[in-house]
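Q: everything below, folded, please.
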Amino acid sequence: TIIRDRAKDMIKFKGYAIFPAEVEDLLHKHPDVRGAAVIGVPHEKVGEVVKAFVVLDPAKKGQIKPEDILEWAKDKMTHYKIPSIIEFRDELPVTLVGKILRRVLKQEEMEKLKKK
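A: The predicted structure is shown next:
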């Protein structure tokens, strides 16, 4: 899993190196998660924080809150890998062969930060 991540995708949180694929693989184990993508979002105090974009089972939309996913993750992940932010999406940007386009998500986040 970790091998497929590029060094540039690695998230640096308080000196820890977090590979997005590790967190994504764990999120995929949640029974209501149908898709997940993880990126690092710049944070002035800790370097980057983990942000997860999650696609829920359509039958669970509106019933599951980000806090539910975070609570579930506490027992499954090392504390520093647990996402600081969870954003629900209907779909994730992917290539023609289905590979997640993290750079698109990263660009969207950078645009949001510029507007703040």
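Q: mind listing residues that contact stretch 52-67?
A: 23-24, 27, 31-39, 69, 83, 85-92, 105 (CB atoms under 8 Å, 6 or more residues apart in numbering). For glycine as for every other residue, the C-beta is placed from the backbone atoms N, C-alpha and C.
Q: ends of that stretch, what's the gap?
A: End-to-end distance of stretch 52-67 (CA to CA, to the nearest Å): 12 Å.
Q: ok, stretch 26-41 next?
A: Stretch 26-41 end-to-end distance (CA to CA) = 19 Å.
Q: pLDDT on it, on average?
A: Average pLDDT, stretch 26-41: 96.
Q: how about it: buried residues?
A: For stretch 26-41, a neighbour-count test (16 or more other CB atoms under 10 Å) marks L26, L27, H30, D32, V33, G35, A36, A37, V38, I39, G40, V41 as buried.
Q: likewise for stretch 66-84?
A: I69, L70, W72, A73, M77, K81, I82, P83.
Q: ok, longest helix in the protein?
A: helix 102-115 (DSSP state H).
Q: and that one, what does it pack against?
A: The contact analysis (3 or more CB pairs under 8 Å, 6 or more residues apart in numbering; DSSP states H and E) places helix 102-115 against strand 33-43.
Q: partner strands of the strand it packs on, parallel or antiparallel?
A: strand 47-56 (antiparallel) (DSSP bridges).
Q: report the rounded mean pLDDT for whichever helix or strand comes after the strand it pairs with.
A: Downstream of strand 47-56, the next assigned helix or strand under DSSP states H and E is helix 66-74. Taken as a whole, helix 66-74 carries a mean pLDDT of 95.
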